[in-house]
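Sequence and computational prediction follow.
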Protein chains: 2
Amino acid sequence: MPSPHPKNLGDLSPSLEHYIRAIYDLQAEKGYARVTDISEILGVAKPAVSSALKNLRAIGLVDHRVYESVRLTDEGMKRAKSVSGKYAILLEFLIEVLGVDKEQAFADACLMEHYVSGTSSDRLVDLLRFFEDRKNQGVLEDFHAFRRNCESESNCPDCSFHCDVSLQQIGKAPDRGR
Amino acid sequence: MPSPHPKNLGDLSPSLEHYIRAIYDLQAEKGYARVTDISEILGVAKPAVSSALKNLRAIGLVDHRVYESVRLTDEGMKRAKSVSGKYAILLEFLIEVLGVDKEQAFADACLMEHYVSGTSSDRLVDLLRFFEDRKNQGVLEDFHAFRRNCESESNCPDCSFHCDVSLQQIGKAPDRGR
DNA sequence: AAACAGTATTAATCTAGGTTAACATTGTTT
DNA sequence: AAACAATGTTAACCTAGATTAATACTGTTT
């Protein structure tokens, strides 16, 4: 008997996906990525990075000779852009459309980026573009006004379960299509 | 040095969260939840369920005497409703608003339910209500029309990375607010 | 060039959450 | 009530991904 959850992306675990994105960000920012930097960004110890790099190298997503700095391969780049794109899309949606505060939006996007499918994030882009379209200028403002009303009236206690974002590791998730 | 990801909900792992929801669904559907049923729904072996139940009992989310069937405690119920609510909200958003096909939407919602914060899903509800409001009847149709145009024109290759949903276990995710 | 600081890797260990195989309990048939 | 099937638990094991401690490189200072 196999295991549960639909995997997110072409067989990259959320964990590895995150490493990829960190490397991508560092490369973009400073031109190169070192173990220490990655470890700091992700908040993990350096040996965790070393071991992740070994895996990523094994599946051809990074170039990395021991004791040297890391670079994404073309394939790694592709994956990184995908995740990074999802992050950006989710972030924009959460902040600009839903009006979620930034801290929370960062946290949510950072988690969800690994789980939203390409299809869904593409559609989300469409929605963002729709709101930006000159023909639909008023819509977003309407929504925000609507939301403020909404807020002040009722509140469904069942659906709001507030999540304090602490920096901690997440576990595995058993599951399947549902 | 601690670990990375902002935890999703009040210290429940996605895995345990999933068990909670399965139990909740079963209780709603048949009045009770048995190990076998849970194991089938989640696609895991029965010992995995036993061990999850032990944890859930330890933190007071289920009542479960050995060899008997499982019930959520009040607290368990609260958590279950929260997750279940998020699932429903995400599903509706993906299908009705974004127009994602059902299979994909099920899969996405099933994953994201564990990672979206209460805040964000509340806002998502607002958005759904906004689209339902009589005053905004046309908007959703406009979007769908817009999307069809959009579709037929360009396509950003960077952001669309198609994910085939296979039934497999997901890994841990290192991370932090970032 | 020797020493030191910084950086990276290895080794050993831990934990969560799975698995299978074997055993225990319960309930239904005959 | 004996036997059997279904159900649940225990035990032993596996893996991913973390940790710390110790070790190995690298490069800069003196």
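Looks like it arrived, so ask away.

So is stretch A:48-64 next to chain B?
Yes - interface with chain B: stretch A:48-64 contributes A:48, A:52 (C-beta under 8 Å from any C-beta of the partner chain). Every residue, glycine included, has its C-beta placed from N, CA and C.

Pull out the buried residues from that stretch.
Across stretch A:48-64, burial judged by 16 or more other C-beta atoms under 10 Å in any protein chain shown covers A:48-49, A:52-53, A:56-57, A:61-62, A:64.

Next, give me the two most distant ones among these.
The largest distance within these, taken as C-beta to C-beta, falls between A:Ala48 and A:Leu61 and amounts to 16.6 Å.

Skip the chain neighbours and tell me the closest residue to A:Ile23.
In this structure, A:Ile23 finds its nearest non-sequential neighbour in A:Ala33, 4.5 Å apart by C-beta to C-beta, 6 or more residues apart in numbering or on different chains.

residues near that neighbour, how many?
Neighbours of A:Ala33 under the rule other C-beta atoms under 10 Å in any protein chain shown: 26.

Could you pull up the contacting residues of A:Thr73?
The neighbours of A:Thr73, taking C-beta atoms under 8 Å, 6 or more residues apart in numbering or on different chains as the test, are A:60-63.

Identify, from the residues you listed, the entry nearest to DNA strand D.
Nearest to DNA strand D out of the contacts of A:Thr73 is A:Leu61 (C-beta to the nearest atom of the strand; 12.6 Å).

wait, the closest one sits on A:Glu75?
Yes - counting by C-beta atoms under 8 Å, A:Leu61 touches A:Glu75, with 5.8 Å between them.

Residue numbers of chain A in contact with DNA strand D?
Residues of chain A lying close to DNA strand D (C-beta under 7 Å from any atom of the strand) are A:13, A:15-16, A:43-48, A:51-52, A:55, A:67, A:169.

Now render those residues as CSV, adding secondary structure.
Listed next are the residues of chain A next to DNA strand D as CSV, based on DSSP: H, G, I helix; E, B strand; the rest coil:
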residue, secondary structure
A:Ser13, coil
A:Ser15, helix
A:Leu16, helix
A:Gly43, coil
A:Val44, coil
A:Ala45, coil
A:Lys46, helix
A:Pro47, helix
A:Ala48, helix
A:Ser51, helix
A:Ala52, helix
A:Asn55, helix
A:Tyr67, coil
A:Gln169, coil
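
among these, which two are most distant?
Using C-beta to C-beta, these reach their maximum pairwise distance at A:Tyr67 and A:Gln169, which is 27.5 Å.

Name the residue in those two with the higher neighbour count.
For A:Tyr67 versus A:Gln169, neighbours defined as other C-beta under 10 Å are more numerous around A:Gln169 (19 against 6).

one step back: any chance of the residues of chain A next to DNA strand D in TSV, plus distance to A:Lys135?
Shown next, in TSV, are the residues of chain A next to DNA strand D (distance: C-beta to C-beta, whole Å):
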residue	distance to A:Lys135
A:Ser13	42
A:Ser15	42
A:Leu16	42
A:Gly43	44
A:Val44	46
A:Ala45	52
A:Lys46	52
A:Pro47	54
A:Ala48	49
A:Ser51	51
A:Ala52	46
A:Asn55	48
A:Tyr67	56
A:Gln169	46
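
ok, so of those residues, who is nearest A:Ser117?
For A:Ser117, the nearest member of the residues of chain A next to DNA strand D is A:Ser13. The distance, counting by C-beta to C-beta, is 15.8 Å.

With respect to A:Lys81, which of the buried residues of stretch A:48-64 is nearest?
Relative to A:Lys81, the closest of the buried residues of stretch A:48-64 is A:Leu61; by C-beta to C-beta it sits at 12.2 Å.

For that closest one, give its distance to A:Val83.
Using C-beta to C-beta, to the nearest Å, A:Leu61 is found at 12 Å from A:Val83.

Give me the common contacts of these two.
Going by C-beta under 8 Å, 6+ apart, residues that sit against A:Leu61 and also against A:Val83 are A:Ile20.

Report whether A:Val116 is found in a strand, as I expect.
No - in this structure, A:Val116 is coil, not part of a strand, as judged by three-state DSSP.

give the contact list for the spatially closest residue to A:Val35 that is not a sequence neighbour.
Closest residue to A:Val35 apart from its sequence neighbours, by C-beta to C-beta, 6+ apart: A:Val49 at 4.8 Å. Counting by C-beta under 8 Å, 6+ apart, A:Val49 touches A:19, A:35, A:38-39, A:42.

can you give me the strands in chain A?
Using DSSP state E, the strands of chain A run over A:62-63, A:71-72.

Let me have these in JSON lines, adding mean pLDDT as columns.
Converted to JSON lines, those look like this (pLDDT from 0 to 100):
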{"stretch": "strand A:62-63", "mean pLDDT": "96"}
{"stretch": "strand A:71-72", "mean pLDDT": "96"}
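
hang on, the earlier thing: which one of the contacts of A:Val49 sits in the busiest neighbourhood?
Neighbour tally across these (other C-beta under 10 Å): the maximum, 30 neighbours, falls on A:Tyr19.
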